[in-house]
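Trainee: sequence below, structure please.
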Amino acid sequence: MMKLRTVRALQYADMMDMGGMPVRQPLPSAAIDQVDPFLLLHHHSSKIAAGAYPREVGVGPHPHRGFSPVTFIFKGDVHHRDSRGNSAIVHAGGVQWMDAGMGIMHSERPSKELAEKGGSQEIVQLWVNTPAARKMDQPNYQALQENDIPSISIDDVGSNIHVVAGTFEGVKGPAHSKLDLLMLNVTMKAGIKRQFEIPTDHQTLLYVVKGGLTMTGYGPVPALHMVVLHQDGAGIELTADQETIFLILSGKPIDEPVIQYGPFVMNSQTEILEAMRDYQMGKMGILIEEFD
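Mentor: Okay, here's the model as predicted:
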């Protein structure tokens, strides 16, 4: 019988303002600084008015260095552009994975079609740290549509597990990472109970996007809450109280110093100053967005 992990913390995703964009942020919080290798989790949901100009919505060009922003799209789409020449629109059910490496400029906006027609956009973005030895690698971008991500069927009425990264029950996710990770995007219909085995050397988060779960040995986990698990078992057992969408995010800790300044995540203050200098000198590239 699987030894179940216990809960270290349950954190509500409070609303905050990120440069004029409302987001929910359970990580970091006043109680939880980071869960190595995970640095930040943002959950954004909005209605885009028909006739919006793409340049006036979403997040404009900005730099990153030293970590990987990973974006799960639940509604609408995201048009990614970057200073390495990548341009891709990823739709609901897909994932955008960007290893910022030594530095990159990128933007994240609704597509022209979504801006013109209007509609909902809902995303969760996770910041995954990069080991010191790989922080200055060349940047890399992956656009994964829903049909690129293999799934495991739980029942015949729509409950399924999408394996984004790592290997789960023999199914390997398509995301290429510099870390040992397991990332699952799960939908479970009301009443479904399921166990999820997690590598014992991983730290693990669970975030409920919609619905609500009961965790065996703990209790209810409502929507918009993040669970941080202890490394004291082989997995978790969950029951969906209603139709529920949630993420299981686990990774082997890097166990290195973390110094963060805005969009730069390095291992020392000197490296942060170097990142700021390189950005100001244009060494992370230039992104000029083109709109039809």
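Trainee: surely residue 226 meets residue 7?
Mentor: No - contact criterion CB atoms under 8 Å: residue 226 and residue 7 do not qualify, at 10.8 Å. Every residue, glycine included, has its C-beta placed from N, CA and C.
Trainee: more crowded one of these two?
Mentor: residue 226 (26 against 16; other CB atoms under 10 Å).
Trainee: in the stretch 151-292 of the chain, which spans are strands?
Mentor: Remark: strands assigned in the stretch 151-292 of the chain by DSSP state E, counting those that start in this stretch are 151-153, 160-165, 167-168, 171-172, 181-188, 193-197, 203-210, 212-215, 219-222, 225-229, 235-240, 244-251, 259-261, 264-266.
Trainee: with mean pLDDT and distance to residue 91 added, can I get these in TSV?
Mentor: Output for the strands of the stretch 151-292 of the chain, formatted as TSV (pLDDT from 0 to 100; distance: least, CB to CB, whole Å):
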stretch	mean pLDDT	distance to residue 91
strand 151-153	98	16
strand 160-165	98	14
strand 167-168	98	23
strand 171-172	98	22
strand 181-188	98	14
strand 193-197	97	26
strand 203-210	98	17
strand 212-215	98	26
strand 219-222	98	28
strand 225-229	98	25
strand 235-240	98	25
strand 244-251	98	16
strand 259-261	96	31
strand 264-266	98	28
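Trainee: can you add distance to residue 46 and give those back as TSV?
Mentor: Shown next, in TSV, are the strands of the stretch 151-292 of the chain (distance: least, CB to CB, whole Å):
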stretch	distance to residue 46
strand 151-153	27
strand 160-165	23
strand 167-168	31
strand 171-172	32
strand 181-188	20
strand 193-197	30
strand 203-210	15
strand 212-215	22
strand 219-222	21
strand 225-229	20
strand 235-240	26
strand 244-251	17
strand 259-261	26
strand 264-266	26
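Trainee: if we look at the longest helix seen in the chain, which residues are touching it?
Mentor: What stands out as the longest helix in the chain, according to DSSP state H, is helix 269-280. The contact list for helix 269-280 (CB atoms under 8 Å, 6 or more residues apart in numbering) reads 63, 65-66, 103, 135, 259-261, 264, 266, 284.
Trainee: repeat that for 6 Å
Mentor: By CB atoms under 6 Å, 6 or more residues apart in numbering, the residues outside helix 269-280 that reach it are 63, 65, 103, 259, 261, 264, 266.
Trainee: re the thing from before, now for the strands of the stretch 151-292 of the chain, which one comes closest to residue 11?
Mentor: strand 225-229 (4.7 Å; CB to CB).
Trainee: which strand or helix spans residue 107?
Mentor: strand 104-109 (DSSP states H and E).
Trainee: ok, residue 289 - how many residues close by?
Mentor: That count, for residue 289 with other CB under 10 Å as the rule, works out to 13.
Trainee: which one is the residue nearest the centre of the chain nearest to, not counting chain neighbours?
Mentor: Nearest to the geometric centre of the chain sits residue 126, at 2.8 Å (CA atoms, centre = their mean). Leaving out its chain neighbours, the residue that sits closest to residue 126 by CB to CB, 6 or more residues apart in numbering is residue 70, at 4.7 Å.
Trainee: try residue 121
Mentor: Nearest to residue 121 is residue 76, by CB to CB, 6+ apart, at 3.5 Å.
Trainee: list the residues that contact that neighbour.
Mentor: Counting by CB under 6 Å, 6+ apart, residue 76 has contacts 114, 119-121.
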